[in-house]
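[1] When you get a sec, could you give me coordinates for this:
(one chain, ligands or ions: 1)
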Amino acid sequence: MYDINIENLSVYYGPVCALQNINLKVKSNEILGIMGPNGGGKTTLLKTILKIIKPTEGKVSIKGDSSIGYVPQFTVFNRSFPINVLDVVLMGKLSRKIKWFQKYSFKDKKDAEELINKLGLLELKNRQIGQLSGGQLQKVLIARALITDPKILILDEPTANLDTKAKKEIHEMLKKLSENKTILIVTHEMKDIFPYIDTAAYVNKTLHYYENPQKLKSEIFEKTYGYSIGTINKEKVIDKKITGHKEDEDDQRII
Ligand SMILES: Nc1ncnc2c1ncn2[C@@H]1O[C@H](COP(=O)(O)OP(=O)(O)OP(=O)(O)O)[C@@H](O)[C@H]1O
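    Take a look at the predicted model:
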């Protein structure tokens, strides 16, 4: 039932404690939103799940042999590299131990084209990555992580620096993918992510897990504004104060 099971996990970098005694179980096909302040340990948690970092204490178990796809922060991606969309997606087929002059098979190319088509990117197939919008590039990086059909997909700030429309498209894409994948998203975009996640975790050295993400949303508002969200209308007003967004006539009367 659980794709990821983390028990009593602590991670230290020398004397620095990044994560302390963390427990977390992630169900199959769940979308977990991971939030928390800068330096709270979110990336350390991802890297531990990906086995890039070894736990100081405790253990991380992945169900069966579930493979994991990883989408790193796209700000670290070199956009000036002369490579097209199809080639970026195909790169996801390369084994971790890169063999020089490794060739892609006909099936690799067919799989990549099918995936690009499925994600609505076919018309961009031959475009150089330097000529993509931020949202398009992010979708291509997600496609690269999906090419091996992993059961678990982990994304580190997938919508950072994207406009509202691109964010919505990425979040909707992830929601669809969660029909048969377990997805972990590290994000600072709390306002945008809540409608799309099933559960939430707040990481600040320790981890608080929320079966109901709305509870975390309420706690964040309470911390920010010093009072709790009593009614839906009040929540709308607070949302509007943050976003400046007007939703409907009814809404406008509340102001
Ligand atoms: N390689 C490292 N060596 C020493 N300390 C590190 C190392 N990597 C991270 N840390 C420290 O571990 C803590 C957690 O860092 P981490 O990058 O996991 O946080 P984060 O929540 O991902 O932060 P952000 O939101 O800013 O990306 C921080 O105090 C950070 O300074």
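[2] Might you enumerate the residues of this structure proximal to the ligand?
    Residues of the chain lying close to the ligand (Cβ under 6 Å from any ligand atom) are Tyr13, Val16, Ala18, Gly36, Asn38, Gly39, Gly40, Gly41, Lys42, Thr43, Thr44. No exception for glycine: its C-beta is placed from N, CA and C like everyone else's.
[3] try 8 Å
    Contact residues (Cβ under 8 Å from any ligand atom) of the chain with the ligand: 13-14, 16, 18-19, 36-47, 156-157, 186, 188, 203, 205.
[4] buried subset of the residues you listed?
    Buried subset of these (neighbour count, 16 or more other Cβ atoms under 10 Å): 18-19, 36, 40-47, 156-157, 186, 203, 205.
[5] ok, which pair from the residues you listed is furthest apart?
    The largest separation in these, counting by Cβ to Cβ, is between Glu157 and Lys205 at 19.3 Å.
[6] Chain neighbours aside, what residue packs nearest to the single nearest residue of the stretch 101-250 of the chain relative to the ligand?
    Taking Cβ to the nearest ligand atom as the measure, the stretch 101-250 of the chain has Val203 as its residue closest to the ligand, at 6.4 Å. Excluding its sequence neighbours, the residue lying closest to Val203 (Cβ to Cβ, 6 or more residues apart in numbering) is Gly36, at 4.0 Å.
[7] got a list of what that neighbour touches?
    Lys42, Tyr202, Val203, Asn204 (Cβ atoms under 8 Å, 6 or more residues apart in numbering).
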